[in-house]
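Just need the structure, nothing else, for what follows:
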Amino acid sequence: MKKLEIIIKPEKLEDLKEVLSTCEVSGLNIVNSMGYGNQKGVIKTYRGASYNVTLLPKIKVETVVTDSIAPGLIDKIVDEINTGNFGDGKIFVYDVEDAVRIRTGEHGEEAL
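From the prediction side, this is the model:
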């Protein structure tokens, strides 16, 4: 199993949810966060004054999928979310040793 940690711009959340639902992802966790990547923030102008905004709003979506689904899902996310601009986000992929459904005690892919 693979855990996907997907960090995106907030305005892309609905697009991402649509991609996940078409790929039959059974669950996800969404967290509001602030951060920056290579661009180290942006310079904004307000009433003629420029100021540096170093922490930008982001959304972190976490999901666990089977090994067979992960590569295709990642490709589809990149195709749909990519705008070609800085700050589009990142996908981190982790190996998951086990998953346990607390209600039934099921392990592994059955718990997803």
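
In the strand ranked longest in the chain, which residues are buried?
Ranked by number of residues, the top strand in the chain under DSSP state E is strand 56-65. Using 16 or more other CB atoms under 10 Å as the test for burial, strand 56-65 gives 56, 58-65. Quick note: C-beta positions are derived from backbone N, CA and C, even for glycine.

Find the nearest non-adjacent residue to Q39, please.
Once flanking residues are discounted, Q39 sits nearest to F86: 4.4 Å by CB to CB, 6 or more residues apart in numbering.

my guess is that neighbour meets N38, correct?
Yes - counting by CB atoms under 8 Å, N38 is a contact partner of F86 at 7.0 Å.

More neighbours: the two, which one.
A count of neighbours by other CB atoms under 10 Å puts F86 above the other of F86 and N38, at 12 against 6.

Need the three-state assignment for the more buried one.
Three-state call for F86 (DSSP: H, G, I helix; E, B strand; the rest coil): coil.

how far away is it from F92?
Remark: distance between F86 and F92 (CB to CB, to the nearest Å) = 18 Å.

Arrange the buried residues of strand 56-65 in CSV, one row each, with distance to Y46 as further columns.
Formatted as CSV, the buried residues of strand 56-65 follow (distance: CB to CB, whole Å):
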residue, distance to Y46
L56, 16
K58, 21
I59, 24
K60, 28
V61, 30
E62, 34
T63, 37
V64, 41
V65, 42
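
Where does confidence bottom out across those?
Least confident of the buried residues of strand 56-65 in the model: L56, at 87.
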